[in-house]
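A.B. asks: return atomic coordinates for the entry below.
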Amino acid sequence: MRDVYAQPTADTESATLSLARYTTLRLGGAANRLVTAASAEEIVQTVQETRQRDEPVLLLAGGSNVVIGDIGFAGTVVLVRSRGLRVVAEDADTVTVRVEAGEPWDDLVATTVANGWSGVECLSGIPGSAGATPIQNVGAYGQEVAETVTAVQVYDRHDGAVGPIAAADCGFAYRSSIFRHSDRWVVLSVDFRLRRSPLSTPVRYAELARALGVEVGDRVPLAEARDTVRALRAGKGMVLDPADPDTRSVGSFFTNPVLDRAGYELLRERAVDLGEPPAWPGAGDTVKISAAWLIDKAGFAKGHPGPDGVAISSKHTLALTNRSGVASTAALVALARQIRDGVHDRFGVTLHPEPVLVNCAI
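C.D. replies: Numbers count the residues shown, from 1 in each chain. Presented below is the predicted three-dimensional model:
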């Protein structure tokens with residue numbers, strides 16, 4: 001475990017403690033203290049120490065789904081760097097692997113594909129860590145981690161205990177879980193049950209099916225699914241690439257709105273001159289709407305510039321980017337606010353941010 005403490009009078013130390021280097025946006029002010037935790041035990045130890053000192057604590061792993069304010073974080077930031085996975089259960093058809101919270105997610109997906117384990121191949125190319133995936137129930141191209149997670153090993157800050165939470169108790173929903181809306185639990189590792197199969201799960205996403213040249217419902221070799229998903233993501237600036245300024249983002253900044261039937265009909269009325277809004281059935285009698293379509297039709301196209309070096313990605317309407325590489329969180333938030341308000345004014349629909357916002361708000 002390695003500590004770095006702030007020295008407010010030293011510019012070099014302030015740069016060392018800058019959180020921008022630990023986020024995919026490359027934005028964020030400094031922390032008072034940085035601690036690198038290389039194991040679950042070190043994560044728990046640091047969180048316990050901060051509680052004893054009554055000090056705020058922020059856990060940061062891949063930094064791909066967080067927006068940190070320019071004022072930084074007045075407490076301890078724990079850099080989660082635990083690594084590794086191991087098989088904890090298996091039978092003829094399935095294998096369950098326990099993955100440490102700091103394991104890079106795409107490395108895990110590559111391992112599952114190489115081992116012939118099916119279930120997360122369509123989540124290839126997503127930046128971040130394995131421990132972050134159950135927090136927002138990561139999903140893409142027709143798969144969600146909720147379909148494979150069997151348990152999440154956590155440290156409970158309320159009772160000081162370490163133990164598992166079964167998937168059924170994680171409150172998984174669209175881009176949400178019990179971990180998303182409470183800081184009670186610290187994710188230490190995640191158990192995923194995967195099928196032993198050289199083929200993907202049935203392809204559910206129409207865009208992916210077209211790219212693969214198959215029908216929705218077909219299955220393809222795992223490596224083919226992974227490579228195709230990564231190519232699709234790269235075309236949208238959604239695979240990290242230091243040479244591509246569009247990847248200085250958090251991926252999709254807004255979630256797709258979920259409307260009740262009455263809300264959907266009101267949207268259709270307000271969009272009558274634009275054609276049918278892209279929509280999909282949601283849970284119960286709800287309808288999920290394309291946030292990208294709403295943003296574009298409200299006048300915010302790909303590449304739309306914001307203030308002071310931020311912009312909508314030139315490749316994907318949902319991604320807000322630190323285009324210049326030297327922008328501020330305030331500028332990014334201002335662009336997000338402009339988009340949210342513009343969509344609401346045009347369609348009466350409120351967009352909600354997908355990333356976690358730390359010391360900033362839209």
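
A.B. asks: phi, psi of the spatially closest residue to residue 347 that is not a sequence neighbour?
C.D. replies: Distance criterion CB to CB, 6 or more residues apart in numbering; nearest residue to residue 347, sequence neighbours excluded, is residue 270 at 5.3 Å. Heads up, the C-betas are built off the backbone N, CA and C, glycines and all. Geometry field for residue 270 lists phi and psi as phi -70, psi -20, criterion degrees, to the nearest 10.

A.B. asks: from residue 291, how far out is residue 270?
C.D. replies: Distance of residue 270 to residue 291, given as CB to CB, to the nearest Å: 16 Å.

A.B. asks: for the two, indicate the residue with more neighbours.
C.D. replies: residue 291 (23 against 13; other CB atoms under 10 Å).

A.B. asks: contacts only, for that one.
C.D. replies: 252, 254-257, 318, 351 (CB atoms under 8 Å, 6 or more residues apart in numbering).

A.B. asks: and those as a markdown table, adding neighbour count and secondary structure?
C.D. replies: Below are these laid out as a markdown table (neighbours: other CB atoms under 10 Å; DSSP: H, G, I helix; E, B strand; the rest coil):
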| residue | neighbour count | secondary structure |
| --- | --- | --- |
| 252 | 22 | coil |
| 254 | 24 | strand |
| 255 | 18 | coil |
| 256 | 23 | coil |
| 257 | 23 | coil |
| 318 | 25 | coil |
| 351 | 25 | coil |
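
A.B. asks: could you report the pLDDT at residue 13?
C.D. replies: At residue 13, the model reports a pLDDT of 41.

A.B. asks: surely residue 209 touches residue 216?
C.D. replies: Yes. With contact defined as CB atoms under 8 Å, residue 209 reaches residue 216; the gap is 4.8 Å.

A.B. asks: quick check: neighbours shared by these two?
C.D. replies: The contact lists of residue 209 and residue 216 share residue 203, where a contact means CB under 8 Å, 6+ apart.

A.B. asks: the more surrounded of the two?
C.D. replies: Each of residue 209 and residue 216 has its neighbours counted (other CB under 10 Å); residue 209 has more, 20 against 13.

A.B. asks: residues touching that one, list them.
C.D. replies: Shown in contact with residue 209 (CB under 8 Å, 6+ apart): 203, 215-216, 218.

A.B. asks: how does it look with 6 Å?
C.D. replies: Counting by CB atoms under 6 Å, 6 or more residues apart in numbering, residue 209 touches 203, 216.

A.B. asks: okay, and it sits in which element?
C.D. replies: Assignment of secondary structure by DSSP states H and E places residue 209 within helix 206-212.

A.B. asks: tell me the mean pLDDT for that helix?
C.D. replies: Per-residue pLDDT over helix 206-212 has a mean of 97.

A.B. asks: number of nearby residues for the nearest residue to residue 192 once chain neighbours are set aside?
C.D. replies: Leaving aside its sequence neighbours, residue 192 sits nearest to residue 148 (CB to CB, 6+ apart; 4.6 Å). Number of residues near residue 148 (other CB under 10 Å) recorded here: 25.
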